[in-house]
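Q: no sequence on this one, just coordinates:
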């Protein structure tokens with residue numbers, strides 16, 4: 001099952017696609033919505049889970065020994081075993097449950113992988129493949145709740161970077177309030193209005209150079 005059909009109904013996807021068409025009718029830009037379930041698998045952080053759970057297990061054993069006296073003969077051996085059992089449990093649980101694993105990842109690390117994956121998506125989807133270099137990628141990473149708007153160079157020359165903050169905010173707020181589709185539609189329509197404001201005009205011979213289809217970035221977790 002694709003991530004699009006897991007997170008959105010067919011009517012949701014139709015509305016998002018229609019919003020792309022409406023936004024593009026105001027401008028010569030090509031808007032490409034790209035969805036990723038996550039921007040990285042974060043499997044390395046399972047080792048952090050092992051470290052944390054191992055430490056907690058060892059601390060619990062040590063505390064129990066302090067309060068109740070030796071629990072077993074050869075307590076040093078059992079202290080080591082408790083740490084290893086905790087570490088194994090931590091590694092397994094953070095490997096099996098991605099949401100627990102991603103909760104251990106710092107915001108900075110998430111931002112790094114989102115930025116990297118967004119740039120890869122821009123190239124993979126050939127957003128640069130327009131006559132006047134007026135493509136825009138709207139990259140949405142669902143697990144991280146991060147959004148990136150990547151305009152091609154001709155739009156970046158005209159539209160200040162800070163202007164895209166509202167497009168990002170609309171999607172992030174939609175995800176947080178369980179209204180993903182509404183936030184995405186609003187963001188796409190905002191992009192169309194913003195481009196019109198900065199005179200990225202629709203040309204008389206304008207063609208739909210990049211398909212309005214929503215891109216599915218697949219599952220990494």
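A: Here it is on my side, so go on. The structure presented is a predicted model; accordingly, all values stated were derived computationally and were not measured.
Q: Which stretches in the protein count as strands?
A: Taking DSSP state E as the criterion, the chain carries its strands at 30-36, 135-141, 146-151, 215-216.
Q: how many neighbours does residue 170 have?
A: By other CB atoms under 10 Å, 20 other residues sit near residue 170. Heads up, the C-betas are built off the backbone N, CA and C, glycines and all.
Q: Ok, residue 59 next?
A: There are 13 residues near residue 59, going by other CB under 10 Å.
Q: Does residue 128 touch residue 119 like I think?
A: No - under the criterion of CB atoms under 8 Å, residue 128 makes no contact with residue 119, lying 11.6 Å away.
Q: Report all helices and strands that the biggest helix by length in the chain contacts.
A: Assignment by DSSP state H gives helix 45-68 as the longest helix of the chain. Other helices and strands packing on helix 45-68, by 3 or more CB pairs under 8 Å, 6 or more residues apart in numbering; DSSP states H and E, are helix 75-96, helix 98-103.
Q: ranking the strands of the chain by burial, who's on top?
A: Burial of those is given as mean neighbour count (mean count of other CB atoms under 10 Å); strand 135-141 ranks first at a mean of 27.
Q: now that strand, how far from the centre of its chain.
A: Going by CA atoms, centre = their mean, to the nearest Å, the spacing between the C-alpha centre of strand 135-141 and its chain's C-alpha centre is 11 Å.
Q: pLDDT below threshold where in the protein?
A: 1, 64-77, 205, 221 (pLDDT under 70).
Q: For the longest helix of the chain, buried residues please.
A: For helix 45-68, the neighbour count (16 or more other CB atoms under 10 Å) marks 45-46, 48-50, 53-54, 56-58, 61 as buried.
Q: Just the angle for that helix relative to helix 75-96, thanks.
A: 150 degrees (axes from the mean of the first three to the mean of the last three CA atoms, to 10 degrees).
Q: Which residues does helix 45-68 contact?
A: For helix 45-68, the external contacting residues (CB atoms under 8 Å, 6 or more residues apart in numbering) are 71, 75, 78-79, 82-91, 93-95, 100-102, 104-105.
Q: just how off-centre is it within its chain?
A: Averaged C-alpha coordinates place helix 45-68 at 32 Å from its chain's average position (CA atoms, centre = their mean).
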